[in-house]
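**Student:** following is a predicted model, sequence given first.
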Amino acid sequence: MKDPTITIEEAKKLLKEYKDNLSRRIERDISLGDYLRTVKVIYEVLGFDIRGELKDLYRRYADGRDCGMMELPLDDVIAFKKWLSSESSCLKLLEAD
């Protein structure tokens, strides 16, 4: 299977849709593990091979720009929240383009 790719335009569209849907989001903090388990479900629906550890699975299909996310512990809600709101977050990089 070919690795998935996404253009900057597609990423910006997804970011806009994400922002539009913020009002409907679940009001609880999540960990990196929660996030990666959600990503795993998406990969499975897309027909990707989902064998392996969560971080390895993400690295297999991601483009390599995790902005330090993969260094976080899987079960630390506070660390993931801090990373997500920090300047190192990849969402900030997309917004700048």
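**Tutor:** Looks like it came in fine.

**Student:** what segments of this protein are strands?
**Tutor:** Taking DSSP state E as the criterion, the chain carries no strands.

**Student:** give me the low-pLDDT residue ranges for it?
**Tutor:** 1-4, 24-27, 87-97 (pLDDT under 70).

**Student:** ok, 90 please
**Tutor:** 1-30, 42, 45-46, 62-68, 81-97 (pLDDT under 90).

**Student:** can you pull out the helices in it?
**Tutor:** Secondary structure of the chain, counting by DSSP state H: helices at 8-20, 32-45, 54-61, 77-85, 90-96.

**Student:** and these as TSV, adding distance to Glu71 and mean neighbour count?
**Tutor:** C-betas here are computed from N, CA, C, even on glycine. TSV is the format used below for these (distance: least, C-beta to C-beta, whole Å; neighbours: other C-beta atoms under 10 Å):
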stretch	distance to Glu71	mean neighbour count
helix 8-20	22	11
helix 32-45	9	15
helix 54-61	10	16
helix 77-85	9	15
helix 90-96	13	13
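
**Student:** OK, contacts around Met70?
**Tutor:** Contacts here follow C-beta atoms under 8 Å, 6 or more residues apart in numbering; on that basis Met70 touches Lys55, Tyr58, Arg59.

**Student:** one more time with 7 Å
**Tutor:** Neighbouring residues of Met70 by C-beta atoms under 7 Å, 6 or more residues apart in numbering: Lys55, Arg59.

**Student:** quick check: it vs Lys81, distance?
**Tutor:** Met70 sits 16 Å away from Lys81, going by C-beta to C-beta, to the nearest Å.

**Student:** what does Met69 give?
**Tutor:** Using C-beta to C-beta, Met69 is found at 12 Å from Lys81.

**Student:** one more: Thr5?
**Tutor:** Counting by C-beta to C-beta, the gap from Thr5 to Lys81 is 29 Å.

**Student:** what's the answer for Arg65, then?
**Tutor:** Distance, Arg65 to Lys81, by C-beta to C-beta: 20 Å.
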